Structure formats: C-alpha cells, structure tokens
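Participant: Build me a structure from this.
(one chain, ligands or ions: 1)
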Amino acid sequence: MKITEVKAHVLEAAIKEPFSWSFNSASKRGSCIVEIVTDSGLEGWGECFGPPELNAAVVRAFAGYLVGQDPLKTEGLWQLLYEKFRDQGQKGLVVTALSGVDIALWDIKGKHFNAPVCQLMGGPLRADVEAYATGTYRLNHGDPHDYVVKEAEGYRREGFKGIKLKIGFDVHADASLIRAVRKAIGPDCKLMLDANHGFDTLEAIQLGHMVADQDITWFEEPVIPEDLNAYCEVRAKQPIPVAGGECEFTRYGFRPILTMGAIDILQPDTCAAGGLSECKKIADMAMAFGVRYIPHVWGTAIGLAASLQLLAVLPPMPLRLTPREPLLEFDRSEHPFRQAVVTQPIEHQNGRVRIPTGPGLGIEVDRDALKRFSKAA
Ligand code: CA
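Facilitator: Residues are numbered from 1 along each chain as shown. A predicted model of the protein is given here:
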C-alpha cells in the first residue's frame, strides 16, 4: 500500500453568539482536517488543533515526503517529518500539522487491519469514558453570575458529573463566580477551573487560596505555558492541583514539565502534541512520573474520535478494585460543524461517551459537510 495524496481541508463557520475566554474571543470556528489517500482505496482522516490555514500550509509541505510511502509505517513517517523540520519545528504549527497526519495514518492502519485504533495500540481497557463539560465562556452581554450559573446547572441536568469553569479575568470576580457555580451544582459534581494562562504567578496563588474550600478538582493553565518556574511556584504555594499542557508538544516538550514537577495533571492535545503515536509515549512518561493524564480536546468529531481511541488505552493508575478512570473533555460551546463532519455524531449519554468500535478511528466522514463548511466554498 502506498500513499497517493495528502489533502488539507480548511473548514470554517461563523457562530451565532461570539464568546470569550481570558485572553481571546471567537466569532467563528475553524479546523484543518487531514485526508490521506492510498492506492488501496483506503483513506485516513485526522485533525490539527490551531489556526486552520497555517496548519494546512504545513500539511501541504509534508505531502512531498509522504506520497509514495507505506502509510502503515506510522513510527517511521512521524520520525521522518519531525526530523525534516526539527530545526525550526520542535513546537507549534509543525507539530500540530504532524499530529493531524499521524492520526490519519493510524486511521488507515486500523482500516487496513479491520480493527479500531485502540486495538492496535494495546487493546481497549474500557468501552466508554466519563465526560466533563467544557463551556461557561463569557458573552458580550449579561451578567456571568446569571448566565454562567444557568449554563452550569444545565450541564448538571444533562447528566455531567464534572464541569469546567472559565476564569482568568479578575481574581475577585472569578472567586465570586466559582462560589456561585459550586453552590448551584452542589457538592457531588467535579468543578474544574481553567484560567487559559490569564494570571501571573501572584494572582494564580491568590485565587487558589481564595477558593481552596470549594473542592476544586484542578486549576488549569494558571500561568503562561512557557514559564515552568511559575508553574512550580503556583503548584507549591497554593493547595489546588495544577493542570496544563495543551500548549506543549512532543515527548521532548513534556520532559522538563515532568522532571521539574511543574504539573499535577498533564493535558496534551492529541491533535496538537504529536498525534496518537506521540501522545501514547507522553502518557507512558506521565505514568512513570506518577502524573495524571487527562487529554485536552477541542475540535470536531474527528479529533474527538482520535482522543477517545487514546483514552481507551490509558491505564488506571494505580490499579485497584475501584479504579480512578481518565476523563474526556467534552466541549459544549457553539460549533456548527463539530458533529456534522461525521455521519454518526459522537454524543454523550448521561455524561458518558462510548469509544467508537469501528475500524480505524471508528468514524465515517461526511464529504458533503466538508464541502459545505469548506472555507474555499
Ligand atoms: Ca484549557
């Protein structure tokens, strides 16, 4: 089997209600979807996290190295592309583009062997996974104490047992909102905080102390991702477990995080940190350091399916009769084509999501939807 073509589909759609997090706003959703075509008739699909046009440019630059190659050589092709671009591409867009390519190659491999990717990565350890709701972004109007609290209550009613709250705007306003949300959702629901690196070290430490009595599961991206000393300080000087890693890349990027003890819960994005091949390695490294691994997920159902295949093989740590299972981040913010790109949407039922069992990623891509949401269209 040989690769005959590598395509990058740039999808984009405006959203009805623009929303913000600590440092940015969205008025549209976009994604770069990778399609790898082979001479056997099999095709593979992947997704890259981050700016779609820039990812597409890198994927197209990769194509010359991929056409004519055996797509089953996932490890060799990852290494080839990484080494070709190593000097300027150890982090960021080169690795996000490589992630989409790697996921597409695994999709082909699964289809070739007529098995879900998780079967080829060691075999599934679970059939479904607990999902937590990501949402609570800020709107251009209204009081977050009103609409964010209502949104969180809605996730509770839908059956989610964990909710992640966006903070990083102002320490005092955030602390007040955290208390209001905790009161509304009750004591039996996990509550996570995500500052999207909106604080400096002192603010993050202050916030952690202010809400220490609110049973917070983790404090995500308290400070900027490149400052690991700041992460260590936040981790040491306030009581809430620190999570992060959605802006880090490859085994080499995660190594200092682990050796410095900067983070309690590692959150690599499968569509960004290097794809399925690399994220399995990072997960194994995290296990060796006794650090929890809960992937960041924020794309279409294609990226969601890839994340689920990895979640299927993450071992409970430590093994015990009542294992602490990994969690799926389940983005609930407005996304016009999140589920439209596949023929069978990946939905939750009472806060749990089934791991697709079909060959490869276990999804079928809807080509009409790709055309409909294509930026060129
Ligand atoms: Ca985040």
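
Participant: Regarding the residue lying closest to N24 once chain neighbours are set aside, what is its secondary structure?
Facilitator: Nearest-residue entry for N24: N196, 7.9 Å, with adjacent residues in sequence omitted and distances by CB to CB, 6 or more residues apart in numbering. To be clear about C-beta, it is placed using only N, CA and C from the backbone, and glycine gets the same treatment. Per DSSP: H, G, I helix; E, B strand; the rest coil, the local secondary structure of N196 is coil.

Participant: isn't N196 right up against S25?
Facilitator: No. Counting by CB atoms under 8 Å, N196 does not reach S25; the two are 11.7 Å apart.

Participant: Tell me how this protein divides into domains.
Facilitator: Domain ranges of the chain: 3-114+367-373, 119-354, per automatic domain parsing.

Participant: I'd like those domains written out as TSV, with distance to L361 added.
Facilitator: As requested, the domains of the chain are exported to TSV (distance: least, CB to CB, whole Å):
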stretch	distance to L361
domain 3-114+367-373	5
domain 119-354	4
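
Participant: So what's the residue count around R126?
Facilitator: 17 (other CB atoms under 10 Å).

Participant: thinking again about what came up before, so between N196 and S25, which is more surrounded?
Facilitator: N196 (19 against 11).

Participant: Report the contact partners of that one.
Facilitator: W21, S22, F23, N24, K166, G168, E220, E221 (CB atoms under 8 Å, 6 or more residues apart in numbering).

Participant: Mind checking which of those residues are buried?
Facilitator: W21, S22, K166, G168, E220, E221 (16 or more other CB atoms under 10 Å).

Participant: can you give me phi and psi for the second one?
Facilitator: Which is S22. phi -50, psi -40 (degrees, to the nearest 10).

Participant: wait, doesn't it sit right on V171?
Facilitator: No. Between S22 and V171 there is no contact under CB under 8 Å: 11.7 Å.

Participant: In terms of secondary structure, what does the helix or strand encompassing N55 contact?
Facilitator: Using DSSP states H and E, N55 sits in helix 52-66. Where contact means 3 or more CB pairs under 8 Å, 6 or more residues apart in numbering; DSSP states H and E, helix 52-66 is packed against strand 3-21, strand 24-38, helix 74-85, helix 93-112.

Participant: which of the ones you listed sits most buried?
Facilitator: helix 93-112 (a mean of 27; mean count of other CB atoms under 10 Å).

Participant: what's the offset of whichever helix or strand comes after that one from the middle of its chain?
Facilitator: For helix 93-112, the following helix or strand on the C-terminal side (DSSP H and E) is helix 117-120. Centre-to-centre, helix 117-120 and its host chain are 19 Å apart (CA atoms, centre = their mean, to the nearest Å).

Participant: Just the C-alpha atoms of helix 117-120, please, in PDB.
Facilitator: What follows is helix 117-120, C-alpha atoms only, in PDB (Å, rounded to 0.1, in the frame of the first residue of the first chain):
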ATOM      1  CA  VAL A 117      -7.000   2.100  16.600                       C
ATOM      2  CA  CYS A 118      -7.200   1.300  20.300                       C
ATOM      3  CA  GLN A 119      -7.000  -2.400  19.500                       C
ATOM      4  CA  LEU A 120      -3.700  -1.800  17.700                       C
END
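
Participant: The helix or strand that it is followed by pairs with which strands, parallel or anti?
Facilitator: As assigned by DSSP H and E, the chain's next helix or strand after helix 117-120 is strand 128-134. Partners of strand 128-134 in the sheet, by DSSP bridges, are strand 162-166 (parallel), strand 327-331 (parallel), strand 352-354 (antiparallel).

Participant: among the ones you listed, which is nearest A14?
Facilitator: strand 327-331 (17.5 Å; CB to CB).

Participant: List of residues touching the following helix or strand past that closest one?
Facilitator: In the C-terminal direction, the helix or strand that comes right after strand 327-331 (DSSP H and E) is strand 348-349. Residues from elsewhere that reach strand 348-349 (CB under 8 Å, 6+ apart): A131, E158, G159, F160, F330.

Participant: How about stretch 80-97?
Facilitator: 32, 48-51, 54-55, 58-59, 62, 65-66, 98, 101, 248-250, 252-253, 271-274.

Participant: and if you look at stretch 253-269?
Facilitator: By CB under 8 Å, 6+ apart, stretch 253-269 touches 49, 90-91, 99, 218, 220, 228, 231-232, 235, 241-246, 248, 273-274, 279, 282-283, 285-286, 289, 291-298, 329.
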